[in-house]
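Participant: Please work out how this folds:
(2 chains)
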Amino acid sequence: MKRTCVFIAGVVLALASSSQPLVGHHGGAAYDQTKSVTFEGTVTEMQFANPHVLVYWDVKDGEAAGQKWSGWLTAPNKLSRAGWNRKTLNPGDKIVVTGTPHKDGSHVLQIRKLVGPDGNALPLSEN
Amino acid sequence: MRAFTTLTIAVVASSALAAQQAQPAGRGQGAAPAVASAPAPTRDITGVWMMRNPPGSNRAWTNFTFTDPKLDPPVLTAWGQARFKEAKDSNGGNYRLDETNDPVLTKCYPPGVPRVYFHPYPFEVVHTPKVTLLIYEYDHTMRRVFTDGRKLVPDELDPLWMGHSVGRWDGNDFVVETVGFNEKTWLDRLGHAHSEQLKVTERFRRVDRDHLELDITMEDPMALAKPWKTTFYYELRPQWELGEISCSGDYLDWSAVEARQPK
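Facilitator: So this is what the prediction gives:
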């Protein structure tokens, strides 16, 4: 427990010192912007649709093994300009997802980083 | 402790990494670069333009309002203040999507002018002999800016979501004046209101081939005690094409983003 507190404090400090805005397109009020969580999982579905691309996965192992989670990215147009298409992620793909968790504990993330099956982080913006 | 193998509270090692992971919407990621390009062509702002943050600024408020809400807020009339108090914004992070009364996020209303510039998508300019088209990727929004010399008489105009626009060249700047709005839209993403008396003046200033600055002045005797002014910054994106974003059907179904998920 002690270690957990240290970890969370580290996250809070790191995020507070960032100069980048942390509020998402449709507002981050439902998400705990002071926290960041990471999962390893297997993609079950990707919806390449407006207004936000949605990724669904099953958690690989550990205490959360088998849990179903989802996360949202930016708009498909922006990801297309970053090189994505609707086949970039497919069921069965192994991914590592880092994101901002929902305040109420729902299994949904505002995705901040997504490492694809080849081990490389996928671009999450066209800029 | 075993929980850390599956649900790791990640230590973000540095602010640089945090910045890399963040996905700010609004005016792009990072400040407008200072690197100049080739000179601007004469009287031509054709192309696809993408927003950037103001030079030297990554401040979050640029995603949802025009000036610093604490240091330089708009000067509102009593009517403007009363309407602003009714606003429950989501883009500014103050209300959840199931709480907000944002007309774009709850009803798919067209964004209006100049709020349309907060949508984090590019816009395209097409000049024709008598009209310049401003085409915004968000929701196929298009404005026709007439350059045929016509005069607009606000009292005679049917109020529109995006108003009625006329444009002219002032030297190498393209100046657009827009009136004839309905009052159903917000000026910004925080919920500052306007009336049908709103007049918006946009000055598109192409500082060189790749960089465009847009001065915006809002005047509205009902809502604003003083004109509200700002400048937005854009970069040319020669390789980009506008895609399709339609705010219709299940676009407003936020359940996958915000509704309670099974645990």
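
Participant: C-alpha only now, for contacts and for neighbours.
Facilitator: Noted.

Participant: Now the residue nearest to the spatial centre of chain A: closest residue in space that isn't a chain neighbour?
Facilitator: Nearest to the geometric centre of chain A sits residue A:111, at 2.3 Å (Cα atoms, centre = their mean). Once flanking residues are discounted, residue A:111 sits nearest to residue A:99: 4.1 Å by Cα to Cα, 6 or more residues apart in numbering or on different chains.

Participant: In which helix or strand does residue B:106 reside?
Facilitator: In the assignment (DSSP states H and E), residue B:106 maps to helix B:103-107.

Participant: quick one: the very next helix or strand once past that helix near chain A?
Facilitator: Of the helices and strands lying after helix B:103-107 in sequence (DSSP H and E), the nearest is strand B:123-127. No. If you take Cα under 8 Å from any Cα of the partner chain as the test, strand B:123-127 misses chain A, and the best it gets is 12.7 Å.

Participant: C-terminal to strand B:123-127, what's the next element?
Facilitator: As assigned by DSSP H and E, the chain's next helix or strand after strand B:123-127 is strand B:131-136.

Participant: Give the full set of residues in contact with residue 69.
Facilitator: Looking at chain A here, since you left the chain open. Applying Cα atoms under 8 Å, 6 or more residues apart in numbering or on different chains, one finds that residue A:69 lies in contact with A:56-59, A:107-109.

Participant: that answer is for a different chain, and I need it for chain B
Facilitator: residue B:61.

Participant: What pLDDT does the model give the residue of the stretch 101-250 of chain B found nearest chain A?
Facilitator: Using Cα to the nearest Cα, the single residue of the stretch 101-250 of chain B nearest to chain A is residue B:243, 5.9 Å away. Reading off the confidence values, residue B:243 has pLDDT 92.

Participant: I'd say it and residue A:77 touch.
Facilitator: Yes. In this structure, residue B:243 is within contact of residue A:77 by Cα atoms under 8 Å, at 5.9 Å.

Participant: The two: which is more packed in?
Facilitator: residue A:77 (26 against 18; other Cα atoms under 10 Å in any protein chain shown).

Participant: what helix or strand is that one on?
Facilitator: helix A:76-81.

Participant: Put the alpha carbons of the helix or strand that that helix is followed by into CSV.
Facilitator: Note on helix A:76-81: by DSSP H and E, the next helix or strand toward the C-terminus is strand A:94-101. Extracted in CSV, the C-alpha atoms of strand A:94-101 (Å, rounded to 0.1, in the frame of the first residue of the first chain):
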residue,chain,number,x,y,z
LYS,A,94,-1.3,-8.0,-28.6
ILE,A,95,-1.2,-4.4,-27.3
VAL,A,96,0.0,-2.4,-24.4
VAL,A,97,-2.3,0.5,-23.5
THR,A,98,-1.6,3.4,-21.2
GLY,A,99,-4.3,5.9,-20.3
THR,A,100,-6.3,8.0,-17.9
PRO,A,101,-8.8,5.9,-15.9
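
Participant: Parallel or antiparallel, list what pairs with strand A:94-101.
Facilitator: strand A:37-47 (antiparallel), strand A:108-115 (antiparallel) (DSSP bridges).

Participant: Could you pull out the helices in the stretch 51-200 of chain B for me?
Facilitator: B:78-86, B:103-107 (DSSP state H, counting those that start in this stretch).

Participant: Could you dump those into JSON lines and include mean neighbour count?
Facilitator: Output for the helices of the stretch 51-200 of chain B, formatted as JSON lines (neighbours: other Cα atoms under 10 Å in any protein chain shown):
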{"stretch": "helix B:78-86", "mean neighbour count": "15"}
{"stretch": "helix B:103-107", "mean neighbour count": "16"}
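
Participant: Just give me the lowest mean pLDDT stretch among these.
Facilitator: helix B:103-107 (a mean of 94).

Participant: Sort out for me which of the contacts of residue A:69 are in strands.
Facilitator: Residues of those located in strands (DSSP state E): A:56-59, A:108-109.

Participant: still on that earlier bit, wait, the residue nearest to residue A:111 touches residue A:109, no?
Facilitator: Yes. Under the criterion of Cα under 8 Å, residue A:99 makes contact with residue A:109 at 5.4 Å.

Participant: of those two, who's got more company?
Facilitator: Higher neighbour count among residue A:99 and residue A:109: residue A:109, with 28 against 25, using other Cα under 10 Å.

Participant: Now that one: closest residue in space, sequence neighbours ignored.
Facilitator: Take residue A:109 and drop its neighbours on the chain: the residue closest to it by Cα to Cα, 6+ apart is residue A:71, 4.4 Å away.

Participant: what distance separates the helix or strand hosting the one you found from the centre of its chain?
Facilitator: Assigned by DSSP H and E, residue A:71 falls within strand A:68-72. Computed by Cα atoms, centre = their mean, to the nearest Å, the separation of strand A:68-72 from the middle of its chain amounts to 8 Å.

Participant: remind me which residues of the stretch 1-150 of chain B are low pLDDT?
Facilitator: B:1-34, B:57-58 (pLDDT under 70).

Participant: Quick one: name the residues of the stretch 101-250 of chain B near chain A.
Facilitator: Neighbours of chain A within the stretch 101-250 of chain B, by Cα under 8 Å from any Cα: B:120-121, B:240, B:243-246.

Participant: Now list the buried members of those.
Facilitator: B:120-121, B:243, B:245-246 (16 or more other Cα atoms under 10 Å in any protein chain shown).

Participant: Leaving aside the residues adjacent along the chain, what's closest to residue B:185?
Facilitator: Residue B:185 sits nearest to residue B:112 (Cα to Cα, 6+ apart), 5.7 Å away.

Participant: who's in contact with the one you found?
Facilitator: B:161-163, B:185-187.

Participant: 6 Å instead, please
Facilitator: The contact partners of residue B:112, by Cα atoms under 6 Å, 6 or more residues apart in numbering or on different chains, come to B:161-162, B:185.

Participant: Scan the residues you listed and report the most crowded one.
Facilitator: Neighbour-wise, the contacts of residue B:112 (other Cα under 10 Å) top out at residue B:185, 25 neighbours.

Participant: and the contacts of residue B:112 as TSV, adding distance to residue A:35?
Facilitator: TSV is the format used below for the contacts of residue B:112 (distance: Cα to Cα, whole Å):
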residue	distance to residue A:35
B:161	39
B:162	39
B:185	34
